[in-house]
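# when you get a sec, could you give me coordinates for this:
(2 chains)
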Amino acid sequence: MENENTFQNPDPTAVEAASAPTPASAFAPRTDFARLTAQTDAIRAEIGKIIVGQQELLELLLTAVLADGHVLLEGVPGVAKTLMAKLLARTLEVPFSRIQFTPDLMPSDVLGTSVFRQNKSDFEFRPGPIFASVVLIDEINRAPAKTQSALFEVMEERTVTQDGTAYPMAEPFLVLATQNPIEQEGTYRLPEAQLDRFLFKLHVGYPTLAEEVQILSGHHAGLGSTHLEAVQPILSAADLQALRQQVCQQRVEPNILEYIAKLVGQTRVHRSLYLGASPRASLALLNGAKALAALRGRDFVTPEDVQFLAPSVLRHRIMLTPEREMEGGTPDEVVRQIMQAIEVPR
Amino acid sequence: MLPFFANLLLVLPSVSHAGKHLRWVLLLLCLAGVAPSARARATPEVAAQRQQSQPLPPDLSTALPPRRPDANQLRELAGQRDFRYEEPKASTDAWDAFWARVWKRLGRLLDHRIGNFPWRYVIYAVALGILVFAVLKLLQVDITGAFGRSAQRQPLAYDTATEDIHEVDFPARIAEAEAAGNFRLATRLGYLEVLKHLTDGGFIRWQPDKTNHAYLSELAAGPLREAFRSATWQFEYVWYGDLRLTSTLYHEARTGQRVVSSLLSGHRRGTLRATALPG
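Coordinates of the predicted model:
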């Protein structure tokens, strides 16, 4: 009983990371992440010139960049979703394009179209704005399903097929999409097949009180109008490729693989879920965990990495039953329940 | 009207006993009907009208065969239970007798008091409870959080008895692993032993779904947390990172684990409890 009184349940989000010991120790990390750490820290610093707070969001975005996955940012208007995506794109020294999704947008407006050339009497393919390395799709849920479907092939297979010809995308290829919550006026629910193609769905929340005060003070002092040009590019395409190769070589123990499979498998039998996550979700969780471990200076994946990423990987890939939805349940809540029901491999 | 009542008078005796009384009523009606008819016959307009409304004679040129139901079908219908209109006899079946007795007793229970207690209200309450439970089950409604505090953690849906840190004999198993040269397993067992000591001391709350870092965040800042942080890193490097352990490295890991245990035993229970995090 004494324990019950004195024990304080910690905030589950405030989980500490066990830092690696100094290089002098016999247990010093065997893999050198100095370059990766320096470059990602530089990106954080550049984005921090404009954005106040949102450190966890930034860590997840960097994880997605390293894991070669697309990201869907969801949040109410005014929480800097688009700004965050634009700034991240600026720190990558690669071709960038932005597409504003509207209800009258057509697939050819995104992918490109074949134009008849009168002098040569043939058709020429004019690439659309999707042909860039970082594509910011703003308000993705403003376009109807027909236009959304145009993204299926390019997001998964990294090619665009037009008139029987496949046009491969340049590496890297990263889609950063933003959307307002589905309850907002004039929006369409994204097809499940498209949602499954996003590595993460990230919630962009409100800043804390201290952060908001900092935003206001900066604005009041005239710093609010800092130009985006102040943010310098950090990573070239070649740099990013090298970092991704390093991430690919991360160690993952079989018991961690089993843990991931159990977590995802449980979504398929959970009574509150109408639709569980696909094997693509397992792969996303694995790739994300490898990238996160690298960001945190480890060359191996721990259950901590998996648990940290599970909500971001699974929340858009599962569907609640109507009853659960009516009760006010959320996908994050179900994911948390699933994690609580599965033993951490140790 | 008069022929109609007259026909009824002829038919009724063959129908039933009730017709006996009805016959007298109809006879009176017939007699009452004669007078107006006689008055009507008196006027020539009525006579002409009556002549015009004479019914046509029946057509006897075509012979119509009488239609009767199929005898086989009649026999078949007569054999069916639904078409027998007799009172069912009391069943001699033991099962039916049992249920008859149950319903009889239940009825008696609902109608009368047994002792001073109105048992029927108990039965109503139980029936209502079963009904509510069935409806909630059908709707899959979780009512555990409806009464104040939210639901507690779900019990784990798997067997953890094999890995219950309170049941493992750590010194013996670590010695076994060391003797077999399995330093990796020995490091793991040593770390689990540290977790057991922390749990026993009330510094962390053991739960198999928690990560090592969740336990780390439960400790208050101080030497114990730093020692545990170091032991955690070493364990994770060995267990998840598959670090190949030499004898020297293993002894370093074991020393780190012993430091945590010695810090625990060196302090009075509860003095290092988590206080840094807000409740």
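
# make it CA atoms for all contacts and neighbour counts henceforth
OK.

# ranges for the strands of chain A?
Secondary structure of chain A by DSSP state E: the strands cover A:70-74, A:92-93, A:96-100, A:112-117, A:122-127, A:134-138, A:159-162, A:165-168, A:174-179, A:198-203, A:235-236, A:273-275, A:319-320.

# mean pLDDT, mean neighbour count and distance to residue A:46 added to those strands, as a markdown table?
Output for the strands of chain A, formatted as a markdown table (pLDDT from 0 to 100; neighbours: other C-alpha atoms under 10 Å in any protein chain shown; distance: least, C-alpha to C-alpha, whole Å):
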| stretch | mean pLDDT | mean neighbour count | distance to residue A:46 |
| --- | --- | --- | --- |
| strand A:70-74 | 93 | 24 | 20 |
| strand A:92-93 | 90 | 20 | 11 |
| strand A:96-100 | 92 | 17 | 17 |
| strand A:112-117 | 90 | 14 | 33 |
| strand A:122-127 | 90 | 13 | 31 |
| strand A:134-138 | 91 | 24 | 17 |
| strand A:159-162 | 90 | 17 | 32 |
| strand A:165-168 | 90 | 12 | 31 |
| strand A:174-179 | 92 | 25 | 18 |
| strand A:198-203 | 93 | 24 | 21 |
| strand A:235-236 | 91 | 16 | 12 |
| strand A:273-275 | 91 | 18 | 40 |
| strand A:319-320 | 93 | 20 | 37 |
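
# residue A:149 is nearest to which of the ones you listed?
Nearest of the strands of chain A to residue A:149, taken as C-alpha to C-alpha: strand A:159-162 at 12.1 Å.

# run the chain-centre distance for the closest one.
24 Å (C-alpha atoms, centre = their mean, to the nearest Å).

# that strand: partners in the sheet, and parallel or antiparallel?
When pairing is defined by DSSP bridges, strand A:159-162 lines up against strand A:165-168 (antiparallel).

# from the chain's centroid, how far away is the partner strand?
Taking mean C-alpha positions (C-alpha atoms, centre = their mean), strand A:165-168 and its chain are 26 Å apart.

# ok, now how distant is residue A:230 from chain B?
37 Å (C-alpha to the nearest C-alpha, to the nearest Å).

# picking that back up, to residue B:165, which of the strands of chain A lies closest?
strand A:273-275 (33.0 Å).

# give the closest residue to residue A:215 in space, chain neighbours not counted.
Leaving aside its sequence neighbours, residue A:215 sits nearest to residue A:52 (C-alpha to C-alpha, 6 or more residues apart in numbering or on different chains; 6.6 Å).

# I'd like to know how many residues surround the one you found.
Residue A:52 is flanked by 18 other residues according to other C-alpha atoms under 10 Å in any protein chain shown.

# what does residue A:253 give?
Using other C-alpha under 10 Å: residue A:253 sits among 17 other residues.

# in the stretch 151-300 of chain A, what residue comes closest to chain B?
residue A:300 (4.9 Å; C-alpha to the nearest C-alpha).

# ok, that residue touching residue B:241?
Yes: the pair residue A:300 / residue B:241 is scored as a contact, 4.9 Å apart, by C-alpha atoms under 8 Å.

# find residues that contact each of these two.
A:251, A:252 (C-alpha atoms under 8 Å, 6 or more residues apart in numbering or on different chains).

# who has more neighbours, these two?
Legend: neighbour count by other C-alpha under 10 Å for residue A:300 and residue B:241, higher for residue A:300 (26 against 20).

# OK, contacts around that one?
Applying C-alpha under 8 Å, 6+ apart, the residues contacting residue A:300 are A:250, A:251, A:252, A:290, A:293, A:294, B:237, B:240, B:241.

# please redo it, this time with the cut-off set to 10 Å
Shown in contact with residue A:300 (C-alpha atoms under 10 Å, 6 or more residues apart in numbering or on different chains): A:31, A:247, A:249-253, A:289-294, B:236-237, B:239-243.

# same check on residue A:77?
With C-alpha under 10 Å, 6+ apart, residue A:77 has these contacts: A:179, A:180, A:181, A:184, A:204.
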